[in-house]
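K.L.:
Need coordinates for the below:
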Amino acid sequence: MKLTAKLLTAAALLAASASAMAHPGHAEGGFISGLLHPMLGLDHLLAMAAIGFWSVRQSNVMKNATPAFVVGGMILGAALAWGGLSLPGVETGITFSVLVAGILIATLAKLPMAVGGTLVGAFMLFHGFAHGAEMPIGATLAAYLAGFSIATLAITMVGRGLGSLMLKADSRFSRGVGGVLAVVGAYLAAA
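P.N.:
The predicted structure is shown next:
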């Protein structure tokens, strides 16, 4: 199977799983719940995929480090929630991550690793906090953490794969994808 077909199949499966269940917490033990949680919210899906998409145009070091920034930010955010700390503006941070990621893609922005890594980590901190705060009662922390870490990485890698395909195409396609993401992020922020 060609890479394009594999990536489109993976994207379709991720989208189908999101529509198959209305909200997290359906599975006992935590792993499946953690695995599904990042896929059930449009803002989470778009932000993680967009960051993967954006990372393809970055330096090799930043591109290779992006998955660690994504998962690291998610885990840190969840740990803050599990530790009982508050994080103001969580929903705003989540929606703005979609908006800003869209702008970064639309402008074909290349950021230094310190700036890009900090931005990605900060965005994922908000997403991770939301995931941690919404862990179902009775779920095993380690299983839930493993589930949402795997899902987050998978979504980011699908975004990266789609971004890689766009590298071969006219940059207007990438700019268009970024523009659509920015508009959706602005809509989510205003809603």
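
K.L.:
Quick check, pLDDT for the residue sitting nearest the centre point of the chain.
P.N.:
Closest residue to the average C-alpha location of the chain: Met48 at 1.6 Å, with Cα atoms, centre = their mean. The model reports Met48 with a pLDDT of 94.

K.L.:
was I right about it contacting Phe123?
P.N.:
No: contact criterion Cβ atoms under 8 Å: Met48 and Phe123 do not qualify, at 9.2 Å. No exception for glycine: its C-beta is placed from N, CA and C like everyone else's.

K.L.:
re earlier: what count of nearby residues applies to the residue nearest to the residue nearest to the centre of the chain when sequence neighbours are not counted?
P.N.:
Closest residue in space to Met48, ignoring its immediate chain neighbours: Ile155 at 4.1 Å, by Cβ to Cβ, 6 or more residues apart in numbering. Ile155 has 25 neighbouring residues, counting by other Cβ atoms under 10 Å.

K.L.:
and what of the one 4 residues further on?
P.N.:
Using other Cβ under 10 Å, Gly159 has 29 neighbouring residues.

K.L.:
nearest residue to it other than its sequence neighbours?
P.N.:
In space, Gly159 is closest to Gly52, 2.8 Å off (Cβ to Cβ, 6+ apart).

K.L.:
give me the element that neighbour is part of.
P.N.:
Per DSSP states H and E, Gly52 falls inside helix 42-55.

K.L.:
Report all helices and strands that that helix contacts.
P.N.:
helix 3-20, helix 60-82, helix 90-106, helix 113-133, helix 141-167, helix 171-190 (3 or more Cβ pairs under 8 Å, 6 or more residues apart in numbering; DSSP states H and E).

K.L.:
helices and strands around the fourth one, which ones?
P.N.:
In this case it means helix 113-133. Short answer (3+ Cβ pairs under 8 Å, 6+ apart): helix 113-133 packs on helix 42-55, helix 60-82, helix 90-106, helix 141-167.

K.L.:
quick one: buried residues of that helix?
P.N.:
Residues 116-117, 119-132 are the ones in helix 113-133 that count as buried (16 or more other Cβ atoms under 10 Å).

K.L.:
quick one on the thing from earlier: count of neighbours near the residue nearest to Gly159?
P.N.:
Neighbours of Gly52 under the rule other Cβ under 10 Å: 27.

K.L.:
you'd agree it is up against Ala154?
P.N.:
No: counting by Cβ under 8 Å, Gly52 does not reach Ala154; the two are 9.7 Å apart.

K.L.:
and the gap between Leu85 and Phe148?
P.N.:
18 Å (Cβ to Cβ, to the nearest Å).

K.L.:
typo on my end, it should be Gly185
P.N.:
21 Å.

K.L.:
Looking at these two, which is more packed in?
P.N.:
Neighbours per residue (other Cβ under 10 Å) separate Gly185 from Phe148, with Phe148 holding more: 31 against 24.
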